[in-house]
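# Model the following, please.
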Amino acid sequence: MSNLNLVATSERVAAHGKQGKKRILNLGCGLKHLPDAVNLDVTSTTNPDVVHNLNQRPWPFEDGAFDEFAELWAGDAEFVLRGTVTRGRDAIRDTIAAMQPLERRGRHLTMNPVVDLDGDTAHVVSDFLFFGRDPGAPAEGTADLRYLGRYHDDFVRTDAGWQFGRREIEFW
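Below you'll find the model as predicted:
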């Protein structure tokens, strides 16, 4: 299994013995542990920080990490949704948080990325499916397909690493 790095909140990290505001979640770490990461694997034989089979839900990490999500965006980034442009990291965080109250959260599946890399910028087009449940529905059970579409993403390389410069969502 290849490694996948994701942002983890300080509460998640602290719960697993790591310190600091932001860390990396190193999924499928195997024997390749990252020192500033929460290292997760399916087996304890690799001595990860967290042992969990990612095919089993719920995952041992909470969702709704909007501050950490905001750090994925460049300071002057743009988020375009149905013709409305939101500018700036904090405004994007607030917009996404308002759109995703607990009862509306679900699962995104992103697939078929096409990446055009040009120095310190990259354009990525990828398709997505979003599955969700009706408000009040039990956490266990069937989720329905709510949206499908395409992401048009522009990334920029910054001192913090690769960040979103712009995302436009196209619904089908």
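# unless I'm mixing things up, Arg89 is touching Phe79, no?
No. In this structure Arg89 lies outside contact range of Phe79 using CB atoms under 8 Å: 9.7 Å. Using the backbone N, CA and C atoms, a C-beta is placed for each residue, glycine as well.
# so what sits against both of the two?
In terms of CB atoms under 8 Å, 6 or more residues apart in numbering, Arg89 and Phe79 are both contacted by the residues Trp73.
# how many other residues sit next to His108?
Neighbourhood size, His108 [other CB atoms under 10 Å]: 12.
# show me the biggest helix of the protein in terms of residues.
Longest helix in the chain, counting residues (DSSP state H): helix 89-99.
# And that one, what's buried?
89, 91-93, 96 (16 or more other CB atoms under 10 Å).
# now the helices for this structure?
Going by DSSP H, the chain shows helices at 10-15, 66-70, 89-99.
# Can you show me the CA trace of the shortest one as PDB?
Just to be clear, that refers to helix 66-70. Provided in PDB are the C-alpha atoms of helix 66-70 (Å, rounded to 0.1, in the frame of the first residue of the first chain):
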ATOM      1  CA  PHE A  66     -12.300  23.300   8.900                       C
ATOM      2  CA  ASP A  67      -9.300  25.200  10.300                       C
ATOM      3  CA  GLU A  68      -7.000  22.400   9.000                       C
ATOM      4  CA  PHE A  69      -8.900  22.400   5.700                       C
ATOM      5  CA  ALA A  70      -8.300  26.100   5.400                       C
END
